[in-house]
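**Q** Let's see this in three dimensions:
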Amino acid sequence: MDICDILKKYKNVAVVGISRNSTKTSRYIAEYLVQNGFNVAGVNPAAPFECGEIDVYKSLADIPFEIEIVDVFRRAEDIKALIPDVIKLNPKVLWLQLGIRNDNAVQPAINAGITTIQNRCIKIENERCR
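**A** This is a model prediction of the structure:
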């Protein structure tokens with residue numbers, strides 16, 4: 001399945017690393033996704049906090065609905081710690097945002113059958129696919 005097919009088919013997205021600061025890229029992208037028909041949940045250990053229309057949870061496990069795409073805004077070195085929760089959640093796609101790549105850390109997710117996209121911006125890709 002290519003990226004355009006993924007973005008057309010899957011609409012439930014968890015934005016891991018969403019910021020309480022409305023000027024940060026993670027917030028901008030999450031709000032963009034909502035405005036473009038995606039159902040978005042934020043994930044930040046500091047939750048809950050106000051984030052417009054987006055509910056923010058402390059962990060992936062706390063989200064009360066099915067997540068199809070886990071969109072990650074965390075440093076590459078932090079990805080390994082996130083992978084057990086991703087595998088337990090079993091989304092269709094693990095997406096590491098532009099500038100984030102960690103081939104070794106994501107290998108267990110790939111082995112679990114989770115499509116993995118690295119170093120790509122979900123907004124840029126969604127715009128390209130329109």
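
**Q** Check the offset of stretch 15-22 from the chain's centre.
**A** 11 Å (CA atoms, centre = their mean, to the nearest Å).

**Q** buried residues in the helix or strand harbouring Lys123?
**A** Here Lys123 sits within helix 122-129, counting by DSSP states H and E. For helix 122-129, a neighbour-count test (16 or more other CB atoms under 10 Å) marks Ile122, Lys123, Glu125, Asn126 as buried. Every C-beta, even on glycine, is put in place using the N, C-alpha and C of the backbone.

**Q** could you give the mean pLDDT of it?
**A** Taken as a whole, helix 122-129 has an average pLDDT of 97.

**Q** which residues are contacting that helix?
**A** 3-4, 7-8, 13, 29, 32-33, 36, 69, 71, 95, 97-98 (CB atoms under 8 Å, 6 or more residues apart in numbering).

**Q** How far does it sit from its chain's centre?
**A** On the basis of CA atoms, centre = their mean, helix 122-129 sits 14 Å off its chain's mean C-alpha point.

**Q** got it, and stretch 11-30?
**A** Distance of stretch 11-30 from its chain centroid, counting by CA atoms, centre = their mean, is 9 Å.

**Q** Please write out the alpha-carbon positions of it in PDB.
**A** Output of stretch 11-30 as PDB, limited to C-alpha atoms (Å, rounded to 0.1, in the frame of the first residue of the first chain):
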ATOM      1  CA  LYS A  11      -8.300   8.300   9.400                       C
ATOM      2  CA  ASN A  12      -7.700   7.600  13.100                       C
ATOM      3  CA  VAL A  13      -4.400   9.100  14.100                       C
ATOM      4  CA  ALA A  14      -2.500   9.300  17.300                       C
ATOM      5  CA  VAL A  15       0.000  12.200  17.400                       C
ATOM      6  CA  VAL A  16       2.700  11.200  19.800                       C
ATOM      7  CA  GLY A  17       4.700  14.100  21.200                       C
ATOM      8  CA  ILE A  18       1.900  16.700  20.700                       C
ATOM      9  CA  SER A  19       2.900  19.900  22.400                       C
ATOM     10  CA  ARG A  20       0.900  22.000  24.700                       C
ATOM     11  CA  ASN A  21       2.600  25.000  22.900                       C
ATOM     12  CA  SER A  22       0.300  25.900  20.000                       C
ATOM     13  CA  THR A  23       3.200  27.300  17.900                       C
ATOM     14  CA  LYS A  24       5.000  23.900  17.800                       C
ATOM     15  CA  THR A  25       5.000  21.800  14.600                       C
ATOM     16  CA  SER A  26       3.300  18.800  16.300                       C
ATOM     17  CA  ARG A  27       0.300  21.000  17.200                       C
ATOM     18  CA  TYR A  28       0.100  22.600  13.800                       C
ATOM     19  CA  ILE A  29       0.200  19.200  12.100                       C
ATOM     20  CA  ALA A  30      -2.400  17.700  14.500                       C
END
